[in-house]
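In: sequence-free structure coming up:
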C-alpha cells in the first residue's frame with residue numbers, strides 16, 4: 001500500500017474580512033485546502049485575488065476571521081505572538097518579492113541572525129554553507145548595497161532556509177528581477193527545497209515558473225477556482241523525508 005504523506009498545510013473553512021472606511025471587505029470567503037508534505041504548489045491568479053492574504057494566513061502573519069489553519073497537524077491561528085514567532089523560526093521559511101535584508105549587516109550576518117536567535121552554536125558556519133549553496137561563497141562579507149538585486153535575493157533565499165524549515169513560502173520572489181537573474185534564483189530555491197525535503201508554496205505570475213511545480217492552485221476573488229496536478233513538473237523537489 002502506498003504511504004500517504006502527512007499534511008503540511010491544512011486551511012479549514014477559513015475566511016478573512018478586514019475593516020475599511022467603506023465598510024467590511026471580505027477578502028477570503030470560506031476557503032478549504034490541504035497541501036501534503038513534500039508538495040510543490042504554484043499559487044496563481046490576478047492581482048487582488050487573495051494569494052498573498054492566503055500566504056499570510058499560512059505563515060501566521062495574519063489571523064483568519066473564521067476557520068482554522070494547521071501546519072503539520074498543529075493549529076496555529078489561536079497561538080500567541082511569541083509562539084507564532086517560534087514556530088516560524090523553526091518550521092517556516094519565507095521569501096518575499098522585496099529582499100528585506102538588514103542593510104547594516106553583511107550577507108553572512110543576515111543569514112546567521114535567525115540561527116543565532118535559535119541558539120545555534122555554529123551559526124556562522126551554517127550561514128556560510130547556505131550562502132555557498134546559493135552561489136555566494138565569495139560574497140559572505142559584502143553588505144546588501146554592495147550586492148546586485150539577484151545576489152540580494154539569493155541571500156534572502158539562504159536566510160529562509162536557515163534552521164531547516166519544513167515549509168517554504170515564496171511570494172513573487174523573482175518579481176523585482178530580470179528573467180535570467182530570476183531563473184538563477186529559482187534554480188537555487190528549487191535545489192534547496194530538494195535538499196531540505198521542504199514543502200513549497202509559490203506565488204507567481206510567471207506561467208513558466210508555475211509549471212515547475214507539481215500542483216497548480218488558481219484563485220479568483222478570494223476563491224479557489226482550479227486545483228490540479230501538473231505533468232512535466234520539476235521532480236527535483238523530493239517528498240518530505242525527515
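Out: Perfect, I can see it now. If you're wondering where the values come from, they're calculated on a predicted model, not measured in any experiment.
In: Helix or strand: which one has the residue nearest to the spatial centre of the chain?
Out: Nearest to the mean C-alpha position of the chain, by Cα atoms, centre = their mean, lies residue 169 at 1.0 Å. In the assignment (DSSP states H and E), residue 169 maps to strand 167-171.
In: Can you mark which positions in the next helix or strand after that strand are buried?
Out: The helix or strand immediately downstream of strand 167-171 is helix 179-196, counting by DSSP H and E. By 16 or more other Cβ atoms under 10 Å, the buried positions in helix 179-196 come out as 181, 182, 184, 185, 186, 188, 189, 190, 192, 193, 194, 196. Heads up, the C-betas are built off the backbone N, CA and C, glycines and all.
In: residues in contact with residue 154?
Out: Residue 154 is in contact with 131, 134, 135, 136, 184, 185, 188, counting by Cβ atoms under 8 Å, 6 or more residues apart in numbering.
In: isn't the fifth one right next to residue 148, touching?
Out: Same thing as residue 184. No - counting by Cβ atoms under 8 Å, residue 184 sits too far from residue 148 to count as a contact (10.8 Å).
In: I'd like the buried residues of helix 179-196 as TSV, with distance to residue 46 and pLDDT appended.
Out: What follows is those, written out as TSV (distance: Cβ to Cβ, whole Å; pLDDT from 0 to 100):
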residue	distance to residue 46	pLDDT
181	25	93
182	20	92
184	27	93
185	24	93
186	22	94
188	28	93
189	24	94
190	25	94
192	29	94
193	26	94
194	30	92
196	31	92
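In: Between these, which sits nearest residue 95?
Out: Nearest to residue 95 among the buried residues of helix 179-196: residue 189, at 7.1 Å, using Cβ to Cβ.
In: so where do the strands sit in this protein?
Out: Taking DSSP state E as the criterion, the chain carries its strands at 7-20, 23-36, 40-44, 66-71, 74-75, 92-95, 167-171, 199-203, 215-220, 223-229.
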